[in-house]
Structures are given as C-alpha cells and as structure tokens.
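Participant: Next comes the sequence, and after it the predicted model I'd like to discuss.
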Amino acid sequence: MKPQSITILGATGSIGLSTLDVVARHPDRYQVYAVTAARQWQSLAALAITHTARYAVIADEQYAEELRHALRDTDTTVLAGEAALAEVSKAAEVQVVMAAIVGAAGLLPTLAAVNAGKKVLLANKEALVMAGHLFMEAVAASGATLLPIDSEHNAIFQCLPERYTSTVGAGVSKILLTASGGPFRTWEFDALAAVTPAQACAHPNWSMGRKISVDSATMMNKGLELIEACWLFRTTAVHVEVVIHPQSVIHSMVQYVDGSVLAQMGNPDMRTPIAHALAWPERIDSGVPPLDLIATAKLDFEAPDMTRFPCLRLAYEAAQNGAAPTVLNAANEVAVDAFLSEKLPFSGIARICEQVLQQVQHAEPVSIDEVLAVDAMARERAEHLLQGS
Ligand SMILES: NC(=O)C1=CN([C@@H]2O[C@H](COP(=O)(O)OP(=O)(O)OC[C@H]3O[C@@H](n4cnc5c(N)ncnc54)[C@H](OP(=O)(O)O)[C@@H]3O)[C@@H](O)[C@H]2O)C=CC1
Ligand SMILES: CC(=O)[C@@H](O)[C@H](O)COP(=O)(O)O
Ligand SMILES: [Mn+2]
C-alpha cells in the first residue's frame with residue numbers, strides 16, 4: 001500500500017515532535033508532506049530535512065528568507081504566511097492532517113483540512129472550543145474523519161461503544177474526565193498568587209508546551225476539555241464529571257448504565273494517542289514502553305476544588321452558553337500570555353477571564369467570521385483590563 005501523506009501543523013511543538021517520532025517509525029505507512037511553524041525557522045528547517053518534507057511553511061513571513069536559505073539545497077519548497085497553512089492542509093495529495101498549532105491561530109488551517117474532507121487528528125482543542133457548533137457542522141458536511149488526540153478524549157473515544165452517537169440512549173451514563181490537578185493541586189489558594197511561570201510550567205506528569213502547561217496549572221485545561229468533550233461526543237456538561245487522578249495513568253473513563261466503568265490506561269506519553277489516531281482502526285507501535293502496574297502501585301482519585309481553581313467553574317458555566325466558550329478561550333489566551341511574560345499574577349488569569357465573560361456577552365456565532373469578531377472583541381476587553389490591573 002502507498003504511504004499516506006501527512007501535514008503536521010505545529011510541527012516544531014511538543015505534539016508536532018511526538019507525531020514526527022511516531023511517523024518516522026512507520027515509513028511504510030506515512031510520508032511527511034508538510035511541516036509548519038510560527039517562527040522557529042531553524043527547527044523547522046531541521047525537521048524538513050530529517051523527514052524529507054515536500055513543504056515547510058512558516059506562518060510569520062519575516063522568517064521566510066532565512067528558511068529558504070536554510071533549505072536551498074533540498075527538495076523542500078518553502079511557503080510563508082497564514083494562507084499557506086491552509087494550502088498545505090487542504091492539498092489534494094494530503095490524506096492526514098495533524099492539527100497541533102496552539103491556540104486560536106489553529107482554527108482556520110484546521111478548518112481548511114476539515115472542509116477538504118481529510119482525516120483530521122485534533123490536538124488543537126482551542127479551535128473546537130471557540131467554534132464548536134460550526135466546526136462540527138463542517139465535519140458533518142464534508143465527511144472529514146475527526147479523531148481526538150487530546151489524551152482524555154482519545155481515551156474516551158477508545159472506551160465508547162462502537163455504534164455510539166450521543167450519551168442519550170447509548171447505554172452511557174457519564175463521561176469521567178480525569179485531571180491531574182496540575183503542579184498546584186495541593187497548594188493553598190493564597191499561595192497561588194505568587195507562583196512563577198517556571199513553577200506553573202512544571203507539570204507533574206506531562207512534558208508539554210507552555211500555554212497548555214499553564215492551563216493545566218489553573219485547571220482551565222480541564223475546562224477547555226470539558227467543552228471539547230461536549231462537542232466531540234455530542235453530550236452536555238451535566239454528563240461530564242471531572243475526577244482528579246494525580247498519577248495520569250488512567251486517561252479518562254466512560255460509565256455505563258449497568259454500572260460498568262471502562263478506562264483507558266497507559267504511560268503519560270502523547271505518542272500513544274497519536275499512534276492510535278494515526279492507525280485507527282488498526283494499532284501500531286508508538287515507541288511508548290508498556291505500563292508497569294506494579295511500579296505504578298497506586299491510583300488515587302479526588303473531587304476537583306472549584307474554589308481554588310475557579311477556571312474550571314468558569315468553563316462549566318460557559319459550556320454551550322452562546323458565545324461564552326469563544327470569549328473564555330480568547331480571554332484565557334491573552335491572560336496566559338500576560339502571565340508568561342510576567343505582566344499578570346497567576347491568580348489574575350481567572351479574574352481576567354471572569355471579567356471578560358461578564359463584559360462580552362453575545363449570542364452563539366453563526367459564521368466563522370462572527371467567531372473571529374467575538375474572539376477579537378474578547379481579546380480587546382482582556383487587554384484593556386490588563387492595562388488597568
Ligand atoms: N503538548 C501536549 O502534550 C498536548 C497538547 N495539546 C494541544 O495541542 C496543541 C499544541 O500544543 P503543544 O504542542 O503543547 O504546543 P507548543 O507550544 O509546544 O507548540 C505549538 C506549535 O504551534 C506553532 N504555532 C504557535 N503559534 C502559531 C501561530 N500563530 N501560527 C502558526 N503556528 C503557530 C508553534 O510554532 P513555533 O515553534 O514556531 O512557535 C509550534 O509548532 C494545543 O492546542 C494544546 O492544547 C493537547 C493535549 C496534549
Ligand atoms: C496530555 C494531555 O492531554 C494534557 O491535556 C494533560 O491531560 C494535561 O493534564 P491535566 O490538565 O489533567 O493536568
Ligand atoms: Mn488533555
């Protein structure tokens with residue numbers, strides 16, 4: 001069989017690199033069509049050479065010349081700018097697109113892949129959170145195959161019944177979305193005010209990009225994942241229960257009406273969900289060592305504390321509530337950026353999100369242009385509040 005061609009959006013990031021690791025283990029199955037990045041042109045050039053990519057796309061056009069120079073003696077064609085991200089996502093030669101750009105910047109290139117009916121491996125949860133309804137409508141209209149990469153959603157996908165359509169009538173009573181609790185799980189609320197970006201980015205179990213690491217620390221990640229689960233699995237927030245599980249060995253569970261609970265387990269390494277989605281419905285080696293249950297020894301569970309972690313409460317309130325998910329996502333991106341550049345204390349992230357949600361209220365967007373307009377409005381509000389804080 002001819003290898004499938006894959007475009008990796010966000011190739012220089014944590015998910016991008018894990019994807020390339022799995023892909024390189026199976027040259028008979030996959031070949032790299034395009035790799036993309038925002039600014040890291042040197043890493044992108046190295047990846048394009050190692051994986052003999054046909055295209056290397058740099059979103060920020062100011063680095064295009066350096067990238068072209070670095071790849072001048074290769075067969076890789078360099079493209080630049082946001083529109084080029086969509087071009088390599090929808091190209092006729094491409095069968096699979098890994099959507100691993102961080103944040104709202106991933107929405108349009110991911111939608112380009114969806115609209116072209118590709119097999120889309122979705123890591124970029126923010127795209128689904130900000131435009132859930134329209135995104136899922138586009139999947140249905142184009143016949144794209146959407147497979148979850150987020151470890152929890154990939155686990156839930158693996159635990160759902162084969163003929164699942166929605167939580168209503170499928171024998172499923174609840175989705176149990178596990179959360180590690182992040183680096184500050186046991187910290188007192190008052191101590192959270194002074195935490196540094198380095199402390200927030202030191203996730204106890206996963207090695208990830210900085211934005212998602214901060215989201216895990218505030219538990220906004222779990223909030224975004226709650227909204228992501230509602231769209232992916234056609235359910236509502238009341239059917240999704242967040243369970244703190246500090247070891248991150250169970251990646252999530254599905255509870256059935258007969259009392260059964262199915263769990264997907266494994267070492268905390270994103271190459272497992274990536275390999276699962278790449279090969280689905282088959283299975284391939286991911287390079288992840290087998291789980292050693294004796295060494296793991298303990299699996300603990302506890303309830304989330306929404307007083308110490310108000311971002312989770314905000315997401316429960318925003319889920320499927322008009323434009324609130326779009327507003328929440330945008331405000332969070334601005335606030336996390338400000339925290340990472342030491343312009344906002346850690347506890348300010350939840351405060352900014354809550355204030356923006358109160359100040360920007362809007363009906364659910366009916367077009368992607370409207371999503372982008374609401375996103376821009378929320379960002380402007382968040383920036384304004386930051387200046388006054
Ligand atoms: N890391 C993980 O384990 C998990 C991640 N996810 C999700 O996957 C996505 C990626 O996360 P992660 O890999 O950790 O993030 P990283 O920060 O490690 O990587 C982000 C990637 O996106 C690129 N990028 C950033 N901004 C833009 C932009 N404006 N336009 C185009 N490309 C851009 C970066 O390029 P450059 O290098 O040039 O900046 C980089 O390639 C996120 O949505 C995250 O929530 C979900 C589950 C687990
Ligand atoms: C690997 C992955 O999917 C992350 O979203 C991870 O789950 C973050 O962990 P917590 O948000 O549970 O701390
Ligand atoms: Mn996750």
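Facilitator: Perfect, I can see it now. Ligands and ions are numbered 1, 2, ... in the order given.
Participant: Flag every buried residue along stretch 380-389.
Facilitator: The neighbour-count check on stretch 380-389 (16 or more other C-beta atoms under 10 Å) flags Arg381, Ala382, Glu383, Leu385, Leu386 as buried. Bear in mind the C-beta positions are built from the backbone N, C-alpha and C, glycine included.
Participant: so what's the one residue in the chain that gets nearest to ligand 1 up against?
Facilitator: Residue nearest to ligand 1 within the chain: Gly13 (1.9 Å; C-beta to the nearest ligand atom). The neighbours of Gly13, taking C-beta atoms under 8 Å, 6 or more residues apart in numbering as the test, are Ala100, Ile101, Val102, Gly209.
Participant: try 10 Å this time
Facilitator: Neighbouring residues of Gly13 by C-beta atoms under 10 Å, 6 or more residues apart in numbering: 19, 37-38, 40, 43, 100-102, 123, 208-212.
Participant: Out of those residues, which is nearest to ligand 3?
Facilitator: Of all the contacts of Gly13, ligand 3 sits closest to Ile212, with 7.8 Å by C-beta to the ion.
Participant: avg pLDDT for the helix or strand that closest one falls within?
Facilitator: Using DSSP states H and E, Ile212 maps to helix 210-218. When pLDDT is averaged along helix 210-218, the result is 98.
Participant: residues in contact with Pro345?
Facilitator: Leu192, Ala193, Ala194, Val195, Ala338, Phe339, Arg351, Ser389.
Participant: Could you export the contacts of Gly13 as a markdown table, including secondary structure and neighbour count?
Facilitator: Below are those laid out as a markdown table (DSSP: H, G, I helix; E, B strand; the rest coil; neighbours: other C-beta atoms under 10 Å):
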| residue | secondary structure | neighbour count |
| --- | --- | --- |
| Thr19 | helix | 31 |
| Ala37 | strand | 28 |
| Ala38 | coil | 18 |
| Gln40 | coil | 17 |
| Ser43 | helix | 16 |
| Ala100 | coil | 28 |
| Ile101 | coil | 28 |
| Val102 | coil | 21 |
| Ala123 | coil | 31 |
| Met208 | coil | 19 |
| Gly209 | coil | 17 |
| Arg210 | helix | 18 |
| Lys211 | helix | 19 |
| Ile212 | helix | 25 |
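Participant: hang on, the earlier thing: mind putting the contacts of Pro345 in a markdown table, distance to ligand 1, secondary structure and pLDDT included?
Facilitator: Rendered in a markdown table, the data for these read as follows (distance: C-beta to the nearest ligand atom, whole Å; DSSP: H, G, I helix; E, B strand; the rest coil; pLDDT from 0 to 100):
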| residue | distance to ligand 1 | secondary structure | pLDDT |
| --- | --- | --- | --- |
| Leu192 | 21 | helix | 94 |
| Ala193 | 25 | helix | 89 |
| Ala194 | 25 | helix | 92 |
| Val195 | 20 | coil | 97 |
| Ala338 | 16 | helix | 98 |
| Phe339 | 15 | helix | 98 |
| Arg351 | 22 | helix | 98 |
| Ser389 | 25 | coil | 74 |
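Participant: Nothing else from me, thank you.
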